[in-house]
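Enquirer: Take a look and give me a structure for this.
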Amino acid sequence: CIASRARGNVLIVTSSHVSSGQWHSQLRDWFDVRGGHIVTLDESMDMQSVTVLRERIVQNTPTLCIATYTRLTASQKHTAVARCALAGLKAMEYQVIILDEAQCVPADCFRRVAALCYHSIIGLSATFMREDNKQQLFERIIGPMLIDIPCSELVDASLIARVDRHTLIVPYPQCWKRLSLSYSQTQLACVINPFKLNCVISLLRYHLGRGEHIMVFCDNLAALHEMHRIVSQCAGLRAFGPLCMRTANRNEMIQQFRRTEPGAVLFVSKVGDIAIDIPEVSVLIQTSTFNSSRNQAAQRDGRAARICPGGASEASTPNTEVEVSHSYSIVGEASLEIAHNDRREAHMAQQGSLHATYRATDADLPEHVRKALDASDAEEFETCAARMIPLIQRVGTVVAVTKRTSAPKASRLKKKVCFRGGNAPPFGSRSRVP
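Expert: Sure, this is the predicted structure:
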């Protein structure tokens, strides 16, 4: 609403190109903003768009610009089109700058966005928190917090769905407990745990049978691809992903996933943590919890918190709104995942989320959870785990060798980044128009 009513130039800064496209479509669909007045700096921008931007700058015509943090602050070499567009954006005077996912701004590489010339600046975020010591920089860069609405109030007002969190603890293969694994090897082993994969497939079958859309998160890319390959071979499971591709192809896959009925599965990595609007999703499955980030936990729950008209409700009644969503975290027993998951769940409990922990030995388990934790084929899973030992050891060795060979280059890059960071304009030197 602010962007559509502003009389001067407006800049909207997003965290990804996918988010930029979503902002563009939402502004065009819901507000009186003609498409020609919106300039989006992304991969599809050509010299004709740059020429239009220049003409609007010369004629002093109000323009709504959308760009990403990376595009505005990156110091690497840009294409000729990107250089011309960036020069025009940085030379403009903005009435309002809107920072989407404002928790990114205190980062050393992104805070230079605040050095642009503007009248006012607004930060938007559902998770104003950071895991480093830069939390106090929010007020210094953006200003004081004006509105803070608890999630519980939004749930009570039926503006977002309630996300019930479930932790499923699966066995850890006995043959792996005797191994001496590095940290990277342990991460891979926890993700490709055969007991965990069996649990994922069981949950997918249950929720797809209810006609629900599901997102499966995995931070390990190699394990993500392997999991997608295995699930794609299972009869009746409609799987999309992984989202490791160019922005145009990624948007096309997301649209196909949204249109698929009665339900489908989308495999994503950390790229799906923030700024992806898929309101059809009502179920999340996290297969790797080696990151105890509270921000990540809240952001991922937000993927399933959108209420989508016509989705599957708790009673699976057609043409009703989703009011209850589910988030599953599958962790291995006696593994490093337990501690990270406990920290995330403690934070989400403070935010009002309902949480339950299930083990195979517990009584009165929900039927679909009991089937997911069924370990009747434990011997077969143990045999499968034994066959995976060479793969785990080999991958860990390759990772270690890669880190050693790339260490000198990384050290030079670090010095280079620090040098450029030193040349960044300080907070006090940013331009403000009275």
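
Enquirer: Please report how far the nearest residue to Glu261 once chain neighbours are set aside lies from Gly263.
Expert: In space, and not counting its chain neighbours, Glu261 is closest to Gly211: 7.4 Å by C-beta to C-beta, 6 or more residues apart in numbering. For glycine as for every other residue, the C-beta is placed from the backbone atoms N, C-alpha and C. Plainly put, Gly211 is 5 Å away from Gly263 if you go by C-beta to C-beta, to the nearest Å.

Enquirer: The two - which one has more neighbours?
Expert: Taking neighbours as other C-beta atoms under 10 Å, Gly211 and Gly263 compare with Gly263 leading, 21 against 15.

Enquirer: Per-residue pLDDT of that one, please?
Expert: Looking at Gly263, its pLDDT reads 84.

Enquirer: which stretches of the stretch 1-150 of the chain aren't confidently modelled?
Expert: Scanning the stretch 1-150 of the chain with the threshold set as pLDDT under 70 gives 1-6, 33-36, 43-44, 75-77.

Enquirer: Ala114: how many residues sit nearby?
Expert: 20.

Enquirer: Wasn't it part of a helix?
Expert: Yes: counting by DSSP: H, G, I helix; E, B strand; the rest coil, Ala114 is part of a helix.

Enquirer: For the nearest residue to it once chain neighbours are set aside, give me its contacts.
Expert: Closest residue to Ala114 apart from its sequence neighbours, by C-beta to C-beta, 6+ apart: Ile141 at 5.0 Å. Listed by C-beta atoms under 8 Å, 6 or more residues apart in numbering, the contact set of Ile141 reads Val105, Pro106, Arg111, Ala114, Phe427.

Enquirer: In a markdown table: the residues you listed, plus secondary structure and distance to Val18.
Expert: Shown next, in a markdown table, are the contacts of Ile141 (DSSP: H, G, I helix; E, B strand; the rest coil; distance: C-beta to C-beta, whole Å):
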| residue | secondary structure | distance to Val18 |
| --- | --- | --- |
| Val105 | coil | 19 |
| Pro106 | coil | 23 |
| Arg111 | helix | 23 |
| Ala114 | helix | 24 |
| Phe427 | helix | 30 |
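
Enquirer: Any chance of a PyMOL selection covering the buried ones in those residues?
Expert: The following PyMOL line selects those of the contacts of Ile141 that are buried, judged by 16 or more other C-beta atoms under 10 Å:
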select buried, resi 105+106+111+114
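
Enquirer: can the contacts of Ile141 go into CSV with extra columns for distance to His78?
Expert: Formatted as CSV, the contacts of Ile141 follow (distance: C-beta to C-beta, whole Å):
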residue, distance to His78
Val105, 22
Pro106, 24
Arg111, 20
Ala114, 21
Phe427, 25
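
Enquirer: quick check, nearest of the contacts of Ile141 to Leu137?
Expert: Nearest to Leu137 among those, counting by C-beta to C-beta, is Pro106 at 4.0 Å.

Enquirer: burial of the spatially closest residue to Lys177 that is not a sequence neighbour, as a residue count?
Expert: Nearest residue to Lys177, sequence neighbours excluded (C-beta to C-beta, 6+ apart): Ala334, at 7.4 Å. Neighbour count of Ala334, defined by other C-beta under 10 Å: 10.

Enquirer: Same question for the one 3 residues further on.
Expert: Here the neighbour count serves as a burial measure; for Glu337 (other C-beta under 10 Å) it reads 29.

Enquirer: Renumber starting at 55 from here on
Expert: Yep, numbering from 55; the last one is Glu391 now.

Enquirer: Am I right that it is in contact with Val245?
Expert: No: counting by C-beta atoms under 8 Å, Glu391 does not reach Val245; the two are 9.4 Å apart.

Enquirer: Strands along this structure, start to end?
Expert: All strands of the chain, identified by DSSP state E, fall at 63-68, 92-94, 118-122, 148-154, 172-178, 216-224, 267-271, 293-294, 319-322, 335-340, 378-386, 409-413.
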